[in-house]
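>>> quick check, what structure comes out for this input:
(2 chains)
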2 protein chains.
Amino acid sequence: MMHFAELLTEEEVRRVHDASLEVLEGVGLLVRNDKARARFGQHGCRVDEETQVVTIPRSVVEHYRQAFPREFTFHGRDPSRDVTIPGDGPRVATSSAAPDLVDPVTGQIRRSRSDDIARIAHLVNELPGYDLFTVSTTADDAPPGQFHLSRYYPALKNCLKPVTCSAPDAAEAQDIYRLGVLIAGSEEAYRQRPFITYVSCPTVSPLTFDVDSTGMLMHFAEQGLPHHAISTPNAGMTSPLTLAATVAICNAEFLAQALLVQMSRPGTPVVYSTLPTVADMRSGAYAPGGIETGVLVMGCAQMARYYSVPSSGFAGLTNAKGNDAQSGFEVGMSALAAALAGADLVHIGCLLDALMVFDFAAAVIGSEIAQMLKRVAQGLSFSEEDLALDLIAQVGPGGTFIDTRHTLKRIRTAAFLPQVADRSPREQWRANGALDAHGRAMRRVHDILTGDNPATFSSDVDARIRAEFEDLVAGEAGPLRSAAVDE
Amino acid sequence: MMHFAELLTEEEVRRVHDASLEVLEGVGLLVRNDKARARFGQHGCRVDEETQVVTIPRSVVEHYRQAFPREFTFHGRDPSRDVTIPGDGPRVATSSAAPDLVDPVTGQIRRSRSDDIARIAHLVNELPGYDLFTVSTTADDAPPGQFHLSRYYPALKNCLKPVTCSAPDAAEAQDIYRLGVLIAGSEEAYRQRPFITYVSCPTVSPLTFDVDSTGMLMHFAEQGLPHHAISTPNAGMTSPLTLAATVAICNAEFLAQALLVQMSRPGTPVVYSTLPTVADMRSGAYAPGGIETGVLVMGCAQMARYYSVPSSGFAGLTNAKGNDAQSGFEVGMSALAAALAGADLVHIGCLLDALMVFDFAAAVIGSEIAQMLKRVAQGLSFSEEDLALDLIAQVGPGGTFIDTRHTLKRIRTAAFLPQVADRSPREQWRANGALDAHGRAMRRVHDILTGDNPATFSSDVDARIRAEFEDLVAGEAGPLRSAAVDE
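Below you'll find the predicted structure:
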């Protein structure tokens, strides 16, 4: 078991906690949702109805945080894909949610549609690096009133791994719940393993609860449906331009969110989930690819351990416009920083240009980065057999280990065997088309998307769903070529 | 001060130490250099002259390792560039040594020459990420008897940062020493700050000391000239196919090297320096880009701390054929893993295709990766002013921090401001030529190489040098265009 990298001393961790309590008690939060203000008020907080500011006494924080559960389970349609954090090491999810994507046939950027989500779900289901599918894009062809249903349906139809998606509004929440019940076969079956996890950003930094997402946060808690919130401060804009203060803002917002959830239903599982960034102050650009994103998630992971709650960070993001060296080092470095600091869940890759554009090849490359960071977190297997002193003696100085039984036994397992990273001699690489990582990843995309998808629903489940929802999108990937033809 | 990531428990660290002692005492080393065998014999080791195997009793290891100094200083021509490890954080060096490079004008791969080394030295002198210049290539135009002089001379002539290079043979060692003396102005001046550091691989894994490099290892120790050795096991080939055993082989070889140095001159500074790899057992390919390189360097960094010696790892390498996503994540992830585990010096980037080819753009990208990993290692600046609770109260929930004095003061310092990573809106990026990271890095290469080099020698120093060495290469970069014209 690794000892995680820690950027904060124990004293600094306590100071961040204490600073958050000072902020919650002294500054408070602007709570735009009426029901949330009332709920805070009913549970010992001070509410100023005129300013809509709620302040949370220290004793209230200390009381309700005792109710935070230590674990969070993401259910998949297939129970064998369930993911509980913290677990044996970091888990990896895709990231969300882009309006656009790079068309996998034409290479052109266009709006993403529900059939693209079906393709992405199929790809993510097959890619070994990902444990969760956070629905990567919106669906431009969503019928009226089905904005979120048009994302959840193709995602769930094509992926057995746990699906997470942004929270629908109240109007759609019942439909999506019904979708889950229809897939599970009964309300009871769905309730036992609710395989839809809603993710939302109810707080707008600094320290503001919005109306709609905050309403849904309470709703899902009341209903006992899996849900977690994210804090997303942007230093220099919505938090002070220091990493310490930005961690403190994340921490105060996490506490406020998690408290409201406990006040809604004590013992509801929470995730300390953040997407903290530092603005590029030369231009004001949003810079999630900056290494500071990784550093901030490292700090938040440490705070999450202080509260004994699972943590999650969007720490594998990039500002790159394509799959180039920038996307490689931005995604790889921040994600690894998060993992080595003990983040339990890392949202990685898949999106280019600061979360604006989904790219199929980026998803394949992100999966490989995910496998690499899990390899690091796995650490050094350590036993007398691993140390192999007898073998070292037997082979002797100047000998070779290539033909020993000890080596043969470990050929497939001793090291991660990459699929995107190329290790062939240059002549062979040239003979194979001289593809860069993007080109090799696109080959993999085409291999997967032109193959069968074992994850799709049975036709009777699908018929039940389609009978209930008029105008529902097809939810199917269709032939890959059609994406280009439709354009 | 960061708490480093640790993959080994304290008990496992002691076990690696103990396992190394068992190997040194029970298996021993094949020592092909006669003088080294004699020296080991004179200092309490058992020597079998027939097999050339030297075994080192545990008590001898424990005795001589008390003499290891805690620090190592790399001197630069400019004293302000001196680097001492361990220091405030990881230092970064280029990596070496490729026979070929990508011509910066034609983009074609060709042999590297001494004028290329002059260009590389100029570039590395200007790139902010690098603290040391490890001469990246060999010089194909080296006159007879000046194989190493043709690398050291253009490197030293064009770079004020500390220069490290592979160790010359005995015949050239005196010439290179003279080069240092001529640059310094006198033997005394050079001896005070010897700004040439020799680096060699005297051990061939597993557990074999060669003839020549081992001879030079003792020579430099005897002469009091800065030098350190590297251990380079390749798991599955020259060490067992486990990470634990490969760390143990690194550790045994480090101890043997450092002991021989202490036996040659007690108190000589050492560096626990490694380039450990795992072979890709699908093809036998050399895979320094594998994430296992980073994991192994993490383990070695922990062992170095056990001995209280500075550590160095070649952990920013890649198998990629160009500057693509693979080179980005391979260099970035292993280098960051090493830094977060406390490696004091990380050799990074610059070379593509498993150390075969130097690339100018890769050097620029590597510099940016170096700056990013230093940013992570810097951690979270933490003070009451950083926490900015007064400011958070003053701005209040829902406010903005963009126009505060606290923000304005930190605009240039709060976050790393990248030069290669692009954060512009896509339209602006297109208008700027739609360059990927490689293209942007090449622009930087051309900007630097067509600019003045403030690092070059004064003409009288150069005249003294050229008067002493007949046939010496020019050591000058010359116009960038000539590289293409010469081809």
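
>>> pLDDT score assigned to the nearest residue to A:Asp82 once chain neighbours are set aside?
Among residues not flanking A:Asp82 along the chain, A:His75 sits closest, at 5.2 Å (CB to CB, 6 or more residues apart in numbering or on different chains). The C-beta positions use only the backbone N, C-alpha and C, and glycine is treated the same way. You'll see A:His75 listed with a pLDDT of 98.

>>> report how many residues lie close to A:His75.
When neighbours are defined as other CB atoms under 10 Å in any protein chain shown, A:His75 has 23 of them.

>>> what sits against it?
Residues counted as contacts of A:His75 (CB atoms under 8 Å, 6 or more residues apart in numbering or on different chains) are A:Asp82, A:Pro162, A:Arg193, A:Pro194, A:Phe195, A:Thr197, A:Pro226.

>>> who are the contact partners of the second one?
By CB under 8 Å, 6+ apart, the contact list for A:Pro162 reads A:Phe74, A:His75, A:Gly76, A:Arg81, A:Asp82, A:Val83, A:Asp131, A:Leu132, A:Phe133, A:Phe195, A:Thr197.

>>> so what's it closest to, chain neighbours aside?
Nearest one to A:Pro162, counting by CB to CB, 6+ apart, is A:Phe74 at 3.7 Å.

>>> return the set of residues that bridge with that neighbour.
The bridge-partner assignment for A:Phe74, based on DSSP bridges, gives A:Val83.

>>> looking at it, it is touching A:Asp82, isn't it?
Yes. Judged on CB atoms under 8 Å, A:Phe74 makes contact with A:Asp82 at a distance of 6.9 Å.

>>> mind checking which of those two has more residues around it?
Per other CB under 10 Å, whichever of A:Phe74 and A:Asp82 has more neighbours is A:Phe74, with 27 against 16.

>>> before we move on, the earlier item: let me know the closest of the contacts of A:His75 to chain B.
Distance to chain B, by CB to the nearest CB, is smallest for A:Pro162 among the contacts of A:His75, at 25.1 Å.

>>> residues contacting A:Arg32?
Going by CB under 8 Å, 6+ apart, A:Arg32 touches A:Gln52, A:Thr208, A:Phe209, A:Asp210, A:Val211, A:Thr214.

>>> narrow those to those in helices?
Counting by DSSP state H, the contacts of A:Arg32 place A:Thr214 in helices.

>>> in PyMOL, select just the buried ones from the contacts of A:Arg32.
To isolate the buried members of the contacts of A:Arg32 in PyMOL, using 16 or more other CB atoms under 10 Å in any protein chain shown:
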select buried, chain A and resi 52+208+209+210+214
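
>>> okay, and the beta partners of A:Ala93?
A:Leu132, A:His347.

>>> I'd like the contacts of A:His75 laid out as JSON lines, including secondary structure.
Formatted as JSON lines, those follow (DSSP: H, G, I helix; E, B strand; the rest coil):
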{"residue": "A:Asp82", "secondary structure": "coil"}
{"residue": "A:Pro162", "secondary structure": "coil"}
{"residue": "A:Arg193", "secondary structure": "coil"}
{"residue": "A:Pro194", "secondary structure": "coil"}
{"residue": "A:Phe195", "secondary structure": "coil"}
{"residue": "A:Thr197", "secondary structure": "strand"}
{"residue": "A:Pro226", "secondary structure": "coil"}
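
>>> anything in stretch A:316-331 near chain B?
Yes. Stretch A:316-331 reaches chain B (CB under 8 Å from any CB of the partner chain) through A:319-331.

>>> farthest-separated two in those?
Spanning the widest gap among the residues of stretch A:316-331 next to chain B are A:Lys321 and A:Phe329, at 14.7 Å by CB to CB.

>>> between those two, which one's more packed in?
Counted by other CB under 10 Å, A:Lys321 and A:Phe329 do not tie: A:Phe329 has more neighbours, with 35 against 26.

>>> what backbone torsions are found at the more buried one?
With angles defined as degrees, to the nearest 10, A:Phe329 shows backbone torsions of phi -80, psi -30.

>>> show me what contacts it?
Shown in contact with A:Phe329 (CB under 8 Å, 6+ apart): B:Gly328, B:Phe329, B:Val331, B:Gly332, B:Ile365, B:Glu368, B:Ile369, B:Met372.

>>> now it: closest residue in space that isn't a chain neighbour?
Once flanking residues are discounted, A:Phe329 sits nearest to B:Gly332: 3.6 Å by CB to CB, 6+ apart.

>>> so that neighbour touches A:Ala335, yeah?
No. Using CB under 8 Å, B:Gly332 makes no contact with A:Ala335, being 9.9 Å away.

>>> pLDDT value on A:Gly89, please?
Predicted confidence (pLDDT) at A:Gly89: the value is 87.

>>> circling back to that earlier point, let me know the closest of the contacts of A:Arg32 to chain B.
Top of the list for closeness to chain B, among the contacts of A:Arg32 and by CB to the nearest CB, is A:Thr208 at 4.5 Å.
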